[in-house]
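J.: can you look at this prediction? I've put the sequence above it.
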Amino acid sequence: MPAVAESYSLGLPVEIDKIDNELKKLWAESEGVMTRASLINLAVYSEAPGALEKNTQLIAKIAENHACRAIVIGADCKASDNRVEAWISAHCHVSRTGSKQICSEQLSFRLEGPCANLLPSIVFSHLDSDLPFYFWWQDELHDPMDPQLWAWVDRFIYDSHGWKDFRAQMQLVETAQREAKQRIVLCDLNWTRLDRIRYAVAQFFDHPASHHHFSEIENVQIDFAPGFKSTAVLFVGWLGAQLNWNVEDGQGGNNFKFVDPTGRTIDIELHEQGEAPIGKTVLDSGGIEFVVAPASCEDLFEVWRSGPNEKPLPQMMPAQSNDAVSLMNQELMRGAPHHVYLRAVNCVRELF
Amino acid sequence: MNRPSEQTQSNPLREGLSVRAVPQPCCIVIFGATGDLTHRKLIPALYNLAADGELPPAVTVVGFARRPKGDDEFRRELEETTRKFSRQSVRDEIWKMFAQSIFYHQSEFEDEAGYKSLADKLEKIDRERGTRGNRLFYFAVAPDQFEPILKNLKTAGLNKTREGSWARVIVEKPFGTDLASARQLNRVVSNSFTEEQTYRIDHFLGKETAQNILVLRFANAIFEPLWNTRYIDHVQITAAETLGVEGRAGYYEGAGALRDMVQNHLLQLLCLTAMEAPTDLGADSIRDEKVKVVRSLRRMTAQDVVNKVIRGQYQKGAINGKPVTSYRAEKNVDPKSMTETFVALRLNIDNWRWWDVPIYMRVGKRLPKSGTEISVHFKKAPLVLFNKESTDENVLVIRIQPDEGISLRMQAKMPGTSFRIEPVKMDFHYGTSFGKASPEAYERLLLDAMGGDATLFARCDEVEEAWAFIDTIENAWATKKDAPELFFYPAGSWGPDAADELLARDGRAWRRL
């Protein structure tokens, strides 16, 4: 089984028009030993040098939880020569019950030169039929996007954290979504990064007796790690969108003012400190503090509320890891459209 | 299922989150706190919920039991067993915090004063931990203890709630041993708690695959049009175990396979398989449809029991090559025991959908393989064209445990120039498709009870209807004269030959697991 990726090699080099035959051979050789599994088509596109190898490692980990047909594409659009190379491989792991080897197949492509424009045709030719198509775009988006491609995408995955110009990039994403008649679900890993902290904050307010605090929030303080201001702004956008706040003053660098429907002002303070993308977060509401803070072990939050007549009952809750595999695993488990994300973006678009 | 109940949707920050709302803070009082169920299932389940952030920090556990011990000793014991039985490994930092919410209360179940001091303790916990007067009483004790506990809870006023708070009781199976005792038990419970406050647990319903039966049937358009007497030939439900009585002989001798498994787990699976679509996903909408299935089960006469129910008991044999003893030679089992360790039944549901579709059920201990599944056998295609010699039918199998999943058997042409047909299988495995492990049944059920969602719990009328049906069989077995035979089968076999004959008479055979 030379094609089984054990040391994250790209696998077996194949001629591009013989991929199907080579895949058949691959599975015929391993019949009875391995089970091919696939729930989604997951295409990954990057123009970064060495991305093919790096993404092969990521796919090997992601496929342990999300069986897929992975189509990994590394492109070098600036290369002068036209070249296309392809490989096939399989990522296998032992199933939870320990009885079977479960394998996801990976098709890898290196596109060099103007042939990078072949992206749609390469993707279309190698989709596993009838399975949803998730497209993970790891670079800045180009203008114009290929409308043909978007028509096929079910979920478009990107990480706005790395965008240099959020508004321009978001506009491209939204154009793509419009061209696909809103069918594409936009999956921003920068939003996924907020999944656990949103949950940790939301749970404070599950009990109806806590709901009055929504209209009494006066101040929100958020720590963020260097480079993660966009994540913090998105988090503020979530609070604003869900609690009907509007930006009143967005010119203060890391300090903003929002106003609620009654005209009450809410101060937002962002502090660049710590190592977690989103660090300690404090919502101050009528003298009660709702606090989510990273615990000493990185993958947990310590969560508590405190006030003048309250004894804090700290609780540990899972925190979101910031590595690409965890973010992807989390995102792929979520499903459903992300309406709240779009509302959050709209709420703070002018702050990016 | 998984709808908001009293956790209203008015928390706008909940929108779009993939994790359900945390339940209201409450105090969980476990009666029988030193027992196996608490150590193996309940505390590990609560720990896992806490570790996943699905419990509010104020949730507090009070273990109520007879043995004298302090909070620290109780916590230490629970830590040891949780480390052993928890689905995910126990992390010191989470356990430390979780353990602070566990307390021990020593009292005899019959001692009224013990409940008075319990009430004081709960008041104190409410004040100090903010549990807001919400109480969940879990009865992890034998049914004969229910009455004194319920009576004393009532006397201590613990069944009453302050405005805005709630009190609920979770009752473990067996809920009665027959219709009369189930009714009596329901009466006893209803003296202290209303039906809305009562949660009768059947852990089979907490399993992901059991819940997936409804999703399979009602979220896929292709199955429902075929799900009736016109297209279905018969249904088989099997619950096989390689284990013997494993230290439960005291209970099992008085219960047997019919009461232990069929009355609850298997009939629940049948209900999910056979029910009509509910009007909505509300607890009562689903339970209304389930109870109609049990009501529609054709009652058996004594002669029907002879013809349609086979009971068996294992003799010595071998499981996986290892010799095992006979049931009668097990510890604490009467050497002349007539308790059945195997039952096979042929049932009929008298309604339009299932008219003339036999339902075959079998359950047994010391069978060659462990597994629970439902198989829906479709009618054969007309014997023309390709099927003149084919005897195979389409079979949809829902595997409940282990290796949860769904498979569909169909006919396919074998490669070659001639038309040779062979059955092939399309197979979906949860474990292969979804890397994430499912939560344990008790996690789901505890969370549901705390959230006030009774969908996955049996209602009073469901339980009584099920017993009414089971009683006709038990009564026939109990008659002195012409009682149906108890067949013996070697451990490691698929039950007595008579069970195979039950299907062979109808021209059918049990599915091979």
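T.: Yes, it's here.

J.: any idea how far chain A is from residue B:300?
T.: Here the distance between residue B:300 and chain A works out to 38 Å (CB to the nearest CB, to the nearest Å). Every C-beta, even on glycine, is put in place using the N, C-alpha and C of the backbone.

J.: what's the burial count for that residue?
T.: The number of residues packed around residue B:300, counting by other CB atoms under 10 Å in any protein chain shown, is 21.

J.: grab the nearest non-local neighbour of residue 151.
T.: Assuming you mean chain A. The spatially closest residue to residue A:151, leaving aside those adjacent along the chain, is residue A:180, at 5.6 Å (CB to CB, 6 or more residues apart in numbering or on different chains).

J.: other chain: chain B
T.: residue B:192 (7.3 Å).

J.: now stretch A:236-256: buried residues?
T.: Buried residues in stretch A:236-256, counted by 16 or more other CB atoms under 10 Å in any protein chain shown: A:236, A:237, A:238, A:239, A:240, A:241, A:242, A:243, A:245, A:247, A:250, A:256.

J.: just to check, residue A:139 is in contact with residue A:44?
T.: No: applying CB atoms under 8 Å, one finds residue A:139 not in contact with residue A:44, separated by 10.8 Å.

J.: so where's the chain uncertain?
T.: You didn't pick a chain, so chain A it is. Low-confidence segments of chain A, defined by pLDDT under 70, are located at A:1-8, A:96-99, A:115-116, A:144-145, A:182.

J.: I was thinking of chain B, sorry if that wasn't clear
T.: With pLDDT under 70 as the threshold, chain B has low-confidence stretches at B:1-9, B:384, B:387-391, B:435-436.

J.: tell me the centre residue of it?
T.: In chain B, the residue lying closest to the centroid (CA atoms, centre = their mean) is residue B:204, at 2.7 Å.

J.: so who does that residue touch?
T.: B:210, B:264, B:265, B:268, B:269, B:400, B:441 (CB atoms under 8 Å, 6 or more residues apart in numbering or on different chains).

J.: now it, nearest residue through space, not along the chain?
T.: Counting by CB to CB, 6+ apart, residue B:265 is the residue found nearest to residue B:204 once chain neighbours are left out, at 4.3 Å.

J.: OK, contacts around that neighbour?
T.: Contact criterion CB under 8 Å, 6+ apart gives B:202, B:204, B:239, B:372 as the residues in contact with residue B:265.

J.: isn't there a strand covering residue B:265?
T.: No: using DSSP: H, G, I helix; E, B strand; the rest coil, the assignment for residue B:265 is helix, not a strand.

J.: chain A versus that one, what's the distance?
T.: Counting by CB to the nearest CB, the gap from residue B:265 to chain A is 21 Å.

J.: give me the distance between that residue and residue B:300.
T.: 20 Å (CB to CB, to the nearest Å).

J.: next one: residue B:422
T.: When CB to CB is the yardstick, residue B:422 and residue B:300 sit 39 Å from each other.

J.: ok, so of the contacts of residue B:204, who is nearest residue B:432?
T.: Distance ranking of those against residue B:432, using CB to CB, places residue B:400 first at 16.7 Å.

J.: tally up the residues packed near that closest one, please.
T.: 23.

J.: once you drop chain neighbours, what's closest to it?
T.: For residue B:400, ignoring the flanking residues on the chain, the nearest one in space by CB to CB, 6+ apart is residue B:372 at 4.1 Å.

J.: contacting residues for the one you found?
T.: For residue B:372, the residues meeting the contact criterion (CB under 8 Å, 6+ apart) are B:238, B:239, B:240, B:265, B:269, B:399, B:400, B:401.

J.: tell me which element residue B:495 is part of?
T.: Secondary-structure element containing residue B:495, defined by DSSP states H and E: none, the residue being outside all helices and strands.

J.: make that residue B:61, sorry
T.: Residue B:61 is located in strand B:60-65, with elements delineated by DSSP H and E.

J.: for residue B:426, same thing?
T.: Per DSSP H and E, residue B:426 falls inside strand B:421-429.

J.: ditto for residue B:97
T.: Taking DSSP H and E as the criterion, residue B:97 maps to helix B:92-99.

J.: quick one: name whatever helix or strand follows that helix.
T.: strand B:102-106.

J.: quick one: contacts of that following strand?
T.: With CB under 8 Å, 6+ apart as the contact definition, strand B:102-106 has outside contacts at B:29, B:33, B:43, B:60-71, B:73-75, B:78, B:114, B:117-118, B:121, B:125.

J.: distance from the chain centre to that strand, please.
T.: For strand B:102-106, the distance between its averaged C-alpha position and the chain's averaged C-alpha position is 28 Å (CA atoms, centre = their mean, to the nearest Å).

J.: parallel or antiparallel, list what pairs with that strand.
T.: For strand B:102-106, the paired strands and their directions (DSSP bridges) read strand B:60-65 (parallel).

J.: now the angle between strand B:60-65 and the helix or strand that the strand it pairs with is followed by, please.
T.: From strand B:60-65 onward toward the C-terminus, using DSSP H and E, the following helix or strand is helix B:71-85. If you take axes from the mean of the first three to the mean of the last three CA atoms, to 10 degrees, helix B:71-85 sits at 100 degrees to strand B:60-65.

J.: for helix B:71-85, packing partners?
T.: Of the remaining helices and strands, those touching helix B:71-85 by 3 or more CB pairs under 8 Å, 6 or more residues apart in numbering or on different chains; DSSP states H and E are helix B:43-51, helix B:92-99, strand B:102-106.

J.: toward the C-terminus, what is the element adjacent to the last one?
T.: Right, the one you point to is strand B:102-106. For strand B:102-106, the succeeding helix or strand toward the C-terminus, using DSSP H and E, is helix B:112-129.

J.: and that next one, anywhere near chain A?
T.: Yes: interface with chain A: helix B:112-129 contributes B:128, B:129 (CB under 8 Å from any CB of the partner chain).

J.: which strands and helices lie in contact with that helix?
T.: With contacts defined as 3+ CB pairs under 8 Å, 6+ apart, the packing partners of helix B:112-129 are strand B:27-31, strand B:60-65, strand B:102-106, helix B:146-155.

J.: just the CA trace of that helix, in CSV.
T.: Included here for helix B:112-129 are C-alpha records, laid out as CSV according to Å, rounded to 0.1, in the frame of the first residue of the first chain:
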residue,chain,number,x,y,z
GLU,B,112,-38.6,10.6,58.8
ALA,B,113,-36.0,12.7,60.6
GLY,B,114,-33.5,11.9,57.9
TYR,B,115,-35.7,13.8,55.4
LYS,B,116,-36.2,16.7,57.7
SER,B,117,-32.5,17.1,57.9
LEU,B,118,-32.3,16.6,54.1
ALA,B,119,-34.8,19.5,53.7
ASP,B,120,-32.6,21.7,55.9
LYS,B,121,-29.5,20.7,53.9
LEU,B,122,-31.2,21.5,50.6
GLU,B,123,-32.4,24.9,51.9
LYS,B,124,-28.8,25.6,52.9
ILE,B,125,-27.5,24.5,49.5
ASP,B,126,-30.1,26.8,47.9
ARG,B,127,-28.8,29.7,49.9
GLU,B,128,-25.2,29.0,49.4
ARG,B,129,-25.1,27.7,45.9
